[in-house]
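J.: From the sequence below, what's the structure:
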Amino acid sequence: MPAAFPELRDDLHRAGYYPELVADVLDVALADEQVVAHLVHPETTFDAAEVRRHVTVLALTPTRLVVAHVDDHPADSEHPSTSASATTESVPLSELRSVALTHVVPTPEQHQPGNPALELTLAIGWGAVSRVDLEPATCGDPQCDADHGLTGTLTPDDVVVRVSAAAEGRDAVLAATTFARRLSAASASHR
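T.: Got it, this is the predicted structure:
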């Protein structure tokens, strides 16, 4: 990655998750375009069998949103050593359909202007991926046991990043808020 992005490089190293690999795939996707804002979000997930780490990087340029996601894969019977997959996607700002923010605040009745959220979820949609939530349809008659099919919602789900002060610290929530503000402004100006 060019030395022109020292803050992004520093954040990749601070995240500590294959920083040189992430920098290399970002360098290709950015194609020498200037980064005006970025968000590096490392995450660790746990299940009964293993601990898995991954990182999502959002890089805003004057014309695009570049999304990079890197996952590791443990060794198994078919692959004798660990590996990682790194995926990037470049989305023209004019293609962004939504920038949705969910702010979680404690004691909302005591909220003061400018107080940061305890948690921020940033959902960005451009129409490549959608989530379908289905449930049984009903007719409103509590005695009816007929099958009325399904009803549901279709929600854009291209990339979702959840940042929590409890897990990542208040500075991470503030950084996510700052990035979301820049992205929201950029997406509005490219319509």
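
J.: can you list the weak-confidence ranges in the chain?
T.: For the chain, the stretches with pLDDT under 70 are 1-4, 129-131, 154-157, 191.

J.: Could you rerun that using 90?
T.: Scanning the chain for pLDDT under 90 picks out 1-6, 43-54, 72-84, 97-98, 114-116, 125-145, 148-158, 188-191.

J.: In it, what residue spans correspond to strands?
T.: Shown for the chain, the strands assigned by DSSP state E span residues 37-46, 51-60, 64-73, 83-92, 98-104, 119-125, 130-136, 150-156, 159-164.

J.: what angle do the second one and strand 83-92 make?
T.: With axes from the mean of the first three to the mean of the last three CA atoms, to 10 degrees as the basis, strand 51-60 and strand 83-92 are set at 20 degrees to each other.

J.: if I pick residue 53, what's in contact with it?
T.: 17, 42-45, 72 (CB atoms under 8 Å, 6 or more residues apart in numbering). Heads up, the C-betas are built off the backbone N, CA and C, glycines and all.

J.: cool, and residue 134?
T.: Counted by CB under 8 Å, 6+ apart, residue 134 has contacts 150-152.

J.: of these, closest to residue 140?
T.: Nearest to residue 140 among those is residue 151, at 12.3 Å by CB to CB.

J.: I'd like to know how many residues surround the nearest residue to that closest one once chain neighbours are set aside.
T.: Spatial nearest neighbour of residue 151, chain neighbours left out: residue 137 (4.2 Å); criterion: CB to CB, 6 or more residues apart in numbering. Number of residues near residue 137 (other CB atoms under 10 Å) recorded here: 11.
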